[in-house]
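Student: Sequence and predicted structure below; questions after.
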Amino acid sequence: MTGDDFLERLQHDVKAFGHKTIGYFAGIALLINNITGPGVPSLANMFAESGWLIPTLVFLAVWLMSSISTTMYCEAMRRIPHNEHFRQRVEYTSVVKYYFGTKAYVAAQIGLSGALQSLNIISVVQSAQVMDNAISAIFHKSCGLNLSPFPVHFANASLPAATEFWSCIDTNHVDVDGNAWGCHVVLTAGYLFALLLTVPMGYFNLDDNMIVQAGVIGTVLFNYGFVTTVPSFINEKKPHVSVNKVTWVATFICVVVFMVMGLPGAFAFRRHLAGPATGVCEADPTGAKCASSLMDIFTTEGLAPAVLSENRVASGIMQTSVYLFPIVAILSSIPVFSIVIKYNMLENGFSKGFSSFWGVIFPWVVALPLLYQPDALNQFITFSSLIFVSFTDFIVPWALYMVLQNKHDHALDQNYDEDWSNDHDNNLCAGIQDVEDEESALLPLTKKAPFYIAEHFALPPSWNLSSSTFGARNTVLGRA
């Protein structure tokens, strides 16, 4: 398949997608929104259990790896023939399909859907639970429809609503921590409120959502699993917006946010924070009364600092901040992932109706039975991160860059002619050369234009890296 054939197969109804209107600051807000979120309140638990040194080193290492992975993926995306300066629309799975073929494309599609759907499901569960707590704080109870009303028995716990079809419970004061309805499938008021706030935005385009996204910061893959969302941002960014600047500024800000949110909370409430691995804390070896996040600390009687809880004004501000968190930080990220999933489905030939259902509605269907299951959230986070995020956000970008650099260097060494593009094995090399020729012809025009077109390289030419440095790079990337 030649570059022209590939792009011809990616022609779509432009009305289904957004336009190139996302600027520098909106791009930074979007990426931050795709990095931070559901995992932030639980960072203090990690530091409390593991100390400050190892988690900090891991954060720094993952920050560097994820940022480099992003820039590598974007360079592979730019090198697709006739996509110089990202002028075409090419989504995540289409990049994989061009370089690796159909089998890899299928694996990437499964990995992408798994990674983004798991993020959305986790965000839905956490948002709905906190919404129920907020409703309980205001009206003293949150109500729900119990879709599986069978008796549930816990030691030393009373669950009177376990067998009732309609029930109202104060979710801030329950005997079984984190399970207000006792492991049942419950359609709660908090779930419905979160759904009504979020689902309509999932039907918009990514650039339309920036009116909301630019003013908020929050979501996701428990620390830097955001590479899969970057191609959709690239397709709708303004030409002068630098991919490297947006990526590195956004990820650095997130490092600071993670440290500021995690370390002080761990030092202050270490005795009461449940460890992510053990589920217990110093104050309660059984784990029943341990806080699963800082939000639990600030909304639980006896755990919140007395200087705040005993002051009505301070207590009101503290609880309001906790209850606004899912709206400001988590709910705002759900439409982003829904739209990215929808874009990838549309680009690969699925109907608009099915793409919208799969991206926007399906996460809410799966999240409903998980809403009040014990430890479901932590288990879901652990396994989805290991299975999907590591593959789509780290393995795929590095593999793409390895292939890109090896093919590119080999093409330059052998002086391959572009006529060889009819041969499938040499098509990529010729395509890259075509792109470079087009970029060279366009460059003088772009510099004279009234706006600047930012060229993208994973390793910017302005660094003036020596040949020995590139040799070391190719050795690390596995070049023969």
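Tutor: Looks like it arrived, so ask away. Residues are numbered from 1 along each chain as shown.

Student: Tell me the confidence at Trp181?
Tutor: The score at Trp181 is 72. That number is its pLDDT.

Student: same thing with the one 4 residues further on?
Tutor: Listed pLDDT for Val185 reads 83.

Student: So it versus Ala274, what's the distance?
Tutor: 25 Å (C-beta to C-beta, to the nearest Å). Quick note: C-beta positions are derived from backbone N, CA and C, even for glycine.

Student: More neighbours: the two, which one.
Tutor: Summary of the neighbour comparison: Val185 and Ala274, criterion other C-beta atoms under 10 Å, with Ala274 having more neighbours (25 against 17).

Student: In contact with that one, which residues?
Tutor: For Ala274, the contact set (C-beta atoms under 8 Å, 6 or more residues apart in numbering) comprises Asn45, Val280, Cys281, Gly287, Cys290, Ala291, Ser292.

Student: ok, now with 10 Å
Tutor: With contact set as C-beta atoms under 10 Å, 6 or more residues apart in numbering, Ala274 has these partners: 42, 45, 48-49, 177, 280-281, 283-284, 287-293, 296, 378.

Student: what's around Gly51, how many residues?
Tutor: One way to gauge burial is a neighbour count; for Gly51, by other C-beta under 10 Å, it gives 11.

Student: can you check Met402 too?
Tutor: The number of residues near Met402, taken as other C-beta under 10 Å, comes to 17.

Student: Now it: which helix or strand?
Tutor: helix 396-414 (DSSP states H and E).

Student: What are the buried residues along the helix or strand where Thr251 lies?
Tutor: In this assignment (DSSP H and E), Thr251 forms part of helix 243-269. Within helix 243-269, the residues that count as buried by 16 or more other C-beta atoms under 10 Å are 243-244, 246-251, 253-255, 257-259, 261-263, 265-266, 269.

Student: swap in stretch 387-396?
Tutor: With the criterion 16+ other C-beta under 10 Å, stretch 387-396 contains buried residues Phe388, Val389, Phe391, Thr392, Asp393, Phe394, Val396.

Student: Any chance of JSON lines for the residues you listed, columns pLDDT?
Tutor: Converted to JSON lines, the buried residues of stretch 387-396 look like this (pLDDT from 0 to 100):
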{"residue": "Phe388", "pLDDT": "77"}
{"residue": "Val389", "pLDDT": "72"}
{"residue": "Phe391", "pLDDT": "79"}
{"residue": "Thr392", "pLDDT": "80"}
{"residue": "Asp393", "pLDDT": "77"}
{"residue": "Phe394", "pLDDT": "76"}
{"residue": "Val396", "pLDDT": "84"}
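
Student: How about the secondary structure of Phe391?
Tutor: The three-state label given to Phe391 by DSSP: H, G, I helix; E, B strand; the rest coil is helix.

Student: Which residue comes closest to it once chain neighbours are left out?
Tutor: Leaving aside its sequence neighbours, Phe391 sits nearest to Gly111 (C-beta to C-beta, 6 or more residues apart in numbering; 4.7 Å).

Student: OK, contacts around the one you found?
Tutor: Gly111 is in contact with 92-93, 96, 228, 387-393, 395-396, counting by C-beta under 10 Å, 6+ apart.

Student: again, only this time at 7 Å
Tutor: Shown here is Gly111, whose contacts under the criterion C-beta atoms under 7 Å, 6 or more residues apart in numbering are Phe388, Phe391, Thr392.

Student: quick one: the last one and Asn34, what's the gap?
Tutor: Here the distance between Thr392 and Asn34 works out to 13 Å (C-beta to C-beta).

Student: for the second one, same thing?
Tutor: Per C-beta to C-beta, Phe391 is found 17 Å from Asn34.

Student: which parts of the longest helix anywhere in the chain are buried?
Tutor: Under DSSP state H, the helix in the chain containing the largest number of residues is helix 102-139. The neighbour-count check on helix 102-139 (16+ other C-beta under 10 Å) flags 104-105, 107-109, 111-137 as buried.

Student: Kindly report the same for stretch 343-353.
Tutor: So, applying 16+ other C-beta under 10 Å, buried residues of stretch 343-353: Tyr343, Asn344, Met345, Leu346, Glu347, Asn348, Phe350.

Student: So for that stretch, mean pLDDT?
Tutor: Averaged over stretch 343-353, pLDDT sits at 82.

Student: Can you tell me how far Ala189 is from Cys168?
Tutor: From Ala189 over to Cys168 the distance is 9 Å, taken as C-beta to C-beta.

Student: residues shared between the contacts of the two?
Tutor: Counting by C-beta under 7 Å, 6+ apart, the shared contacts of Ala189 and Cys168 are Ser142, Cys143.

Student: okay, the two: which has more neighbours?
Tutor: Here Ala189 and Cys168 are set side by side on neighbour count (other C-beta under 10 Å), and the busier one is Ala189, at 21 against 17.

Student: Assign Val365 to helix, strand or coil.
Tutor: Of the three states, Val365 takes helix under three-state DSSP.

Student: so what pLDDT did it get?
Tutor: For Val365, the model assigns a pLDDT of 91.

Student: Let the chain start at 3 from now.
Tutor: Sure, I'll start counting at 3 from here, so that last one is Val367.

Student: Quick one: residues contacting it.
Tutor: Counted by C-beta under 7 Å, 6+ apart, Val367 has zero contacts.

Student: Tell me which residues are up against stretch 296-315.
Tutor: Contacts of stretch 296-315 with the rest of the structure, by C-beta under 7 Å, 6+ apart, involve 43, 46, 132, 135, 174, 267, 271, 274, 293, 316-317, 320-321, 324, 327.

Student: how far does it stretch from start to finish?
Tutor: Terminal residues of stretch 296-315 are spaced 20 Å apart (C-alpha to C-alpha, to the nearest Å).

Student: Only the buried residues of that stretch, if you could.
Tutor: In stretch 296-315, counting by 16+ other C-beta under 10 Å, buried: Leu296, Met297, Asp298, Ile299, Phe300, Thr301, Thr302, Leu305, Ala306, Ser311.

Student: pLDDT at the last one, what is it?
Tutor: So that's Ser311. What the model reports as pLDDT for Ser311 is 75.

Student: now do the third one
Tutor: The predicted local distance difference test score for Asp298 is 78.

Student: quick one: which helix or strand includes it?
Tutor: Asp298 is part of helix 296-301, with elements assigned from DSSP H and E.

Student: Extract the CA atoms of the helix or strand just after that helix and return them as PDB.
Tutor: With elements assigned by DSSP H and E, the helix or strand that comes after helix 296-301 is helix 308-311. Written as PDB, here are the backbone C-alpha positions of helix 308-311 (Å, rounded to 0.1, in the frame of the first residue of the first chain):
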ATOM      1  CA  ALA A 308     -10.000  19.200  64.200                       C
ATOM      2  CA  VAL A 309      -9.000  22.800  63.400                       C
ATOM      3  CA  LEU A 310     -11.000  22.400  60.200                       C
ATOM      4  CA  SER A 311     -13.800  20.100  61.200                       C
END
